[in-house]
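> below is the structure, and that's it, no one-letter string:
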C-alpha cells in the first residue's frame, strides 16, 4: 500500500502539491470513488486511479522508446548541449529516467529510457551479451573479408579486444548491418576504422527484443507496449 500523492507524483505528471490540489477539487478517483485525502493509501496494481475521469498509469517504472536524432547527447543533463531528456515532455523529465546505454552524439536510432535500474543493469551487464543491431554506412566497400574478421573477433590496433560479431553486407556495398553482443566505447566505429573503412553514418535498429518503431521519426518517442515490456522482463 502506498500513499496516493506518492503514486501520482511518481508518474512525473504532477508534484505532490499539485496532487493535493487535485484531490481537494474532487478530481481524483480510485475504483470510481472520489478520493478524500492525498495521504490515503492504495495498492498500485489492484486500483484503477483516474484524474478527471482519465485513467492514470500508477506503475512504479516507466519505459520509453526514443528515436534519438544526431546532435543530441545520451545523457540526463549537460550545461552546454541538448540531451535526450530534453526531447521528452516535462512530466517525463521529472521521474528519474536515464538512457539504457549510450549512443554517440552523431549516432541515431533506438534508445531506451527508464527509471528501472535493475532492468538497465540486465541489458548492459557484460555477461548478458544482449544483441544490438546497427545500420552502418562507410567510406569504402564492405566485403566478405570484413564479415569474416567480425565473426572471428577482432583485436584492434589500440588493443581493444572485441567479441565475435556479425557483419551483413547489404545490396549497396558501402552499407551493412552490424550485430554486437557487447557495447564498448565507439565500438562499431573503431572496428570498421580498423578495417580501413571509417563510418559515415550509424543508426541503432534494435536492442535485445526491442526494435525501433518505423513510425517514430527522429526526435519522437512513445511508451513501450505491454508486449515489449514483457519481452524485456523475460530476459534472463
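Thanks, I have it. Model, not experiment: these values are computed from the prediction.
> now do the contacts for residue 92.
For residue 92, the contact set (C-beta atoms under 8 Å, 6 or more residues apart in numbering) comprises 12, 62, 64, 85. C-betas here are computed from N, CA, C, even on glycine.
> neighbours around the second one, how many?
The number of residues packed around residue 62, counting by other C-beta atoms under 10 Å, is 20.
> that older thread, show me the two of the contacts of residue 92 that sit farthest apart.
62 and 85 (12.5 Å; C-beta to C-beta).
> any shared contact partners between the two?
92, 97.
> and the spatially most central residue of the chain, how close does it get to residue 51?
Nearest residue to the geometric centre of the chain (C-alpha atoms, centre = their mean): residue 112, 0.5 Å. Between residue 112 and residue 51 the distance is 27 Å, computed by C-beta to C-beta, to the nearest Å.
> so residue 46 belongs to a helix, correct?
No: read with DSSP: H, G, I helix; E, B strand; the rest coil, residue 46 is coil and lies in no helix.
> helices of this protein, start to end?
Using DSSP state H, the helices of the chain run over residues 4-9, 16-24, 90-93, 117-124, 144-152, 187-194, 226-233.
> other SSEs contacting the second one?
Helices and strands in packing contact with helix 16-24 are listed as helix 4-9; criterion 3 or more C-beta pairs under 8 Å, 6 or more residues apart in numbering; DSSP states H and E.
> likewise the last one?
If contacts are counted by 3+ C-beta pairs under 8 Å, 6+ apart, helix 226-233 sits against strand 63-68, helix 117-124, strand 210-211.
> likewise the fifth one?
Helix 144-152 sits against strand 166-169, with contacts defined as 3+ C-beta pairs under 8 Å, 6+ apart.
> what about the strand it packs on, distance to the chain center?
24 Å (C-alpha atoms, centre = their mean, to the nearest Å).
> so which bits of it are buried?
Residues 167, 169 are the ones in strand 166-169 that count as buried (16 or more other C-beta atoms under 10 Å).
> next one: residue 93 from residue 7, what distance?
Residue 93 is 19 Å from residue 7, by C-beta to C-beta.
> check residue 164 too.
As defined by C-beta to C-beta, residue 164 lies at a distance of 46 Å from residue 7.
> same thing with residue 144?
56 Å.
> residue 172 now?
Distance from residue 172 to residue 7, by C-beta to C-beta: 51 Å.
> and these two? Which one has more around it.
Neighbour comparison, residue 172 and residue 7: the larger count goes to residue 7, with 22 against 10 (by other C-beta under 10 Å).
> do I have it right that that one meets residue 49?
Yes: counting by C-beta atoms under 8 Å, residue 49 is a contact partner of residue 7 at 6.9 Å.
> OK, contacts around the closest residue to residue 229 other than its chain neighbours?
Excluding the flanking residues, the one nearest residue 229 by C-beta to C-beta, 6 or more residues apart in numbering is residue 63, at 5.8 Å. The contact partners of residue 63, by C-beta under 8 Å, 6+ apart, come to 112, 113, 114, 116, 119, 223, 224, 228, 229, 232.
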